[in-house]
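pasting a predicted model and its sequence here:
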Amino acid sequence: MPKKGNILAQLLVLDGNNWEWWHIQMKALFEFQDVMEVVKNDVAAEPAEHATEAVRNAYKDSKKKDAKTIFFLHQSVDDVNFNLISKATSTK
């Protein structure tokens, strides 16, 4: 039995037969984790060398959200689907 509050233990694993349920669950998870923007729009462009600190921080935050999303995706797919997505460099 999964521990209460352990999101990863409760995720449905995409196995090729449950796309609709998995898609709904992942969409809700990404909204809850505040990473949906990165899923829809990709990571912000790398800032120029002379960019402001605010721009650099926004880029860093975007990269963190993308990595978080990739982690959740890797945890919620079976071996076949993992092999298909494992080389992706962003969630987009």
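Yep, that arrived.

so for the top helix by length along the chain, mean pLDDT?
Criterion DSSP state H: the longest helix present in the chain is helix 53-75. Mean per-residue pLDDT for helix 53-75: 93.

check contacts around the spatially most central residue of the chain.
In the chain, the residue lying closest to the centroid (C-alpha atoms, centre = their mean) is residue 69, at 1.4 Å. Applying C-beta atoms under 8 Å, 6 or more residues apart in numbering to residue 69 gives the contacts 30, 33, 35, 38-39, 91. Where C-beta positions appear, they are placed from N, C-alpha and C, glycine not excepted.

would you list the buried entries among the residues you listed?
Buried members of these, counted by 16 or more other C-beta atoms under 10 Å: 30, 35, 38-39, 91.

helices - which of those residues land there?
Among these, the ones falling in helices (DSSP H) are 30, 38-39.

which of those residues lies closest to residue 50?
residue 38 (24.6 Å; C-beta to C-beta).

look up how far residue 88 lies from that closest one.
For residue 38, the distance to residue 88 equals 13 Å [C-beta to C-beta, to the nearest Å].

same question, residue 56
Plainly put, residue 56 is 24 Å away from residue 88 if you go by C-beta to C-beta.
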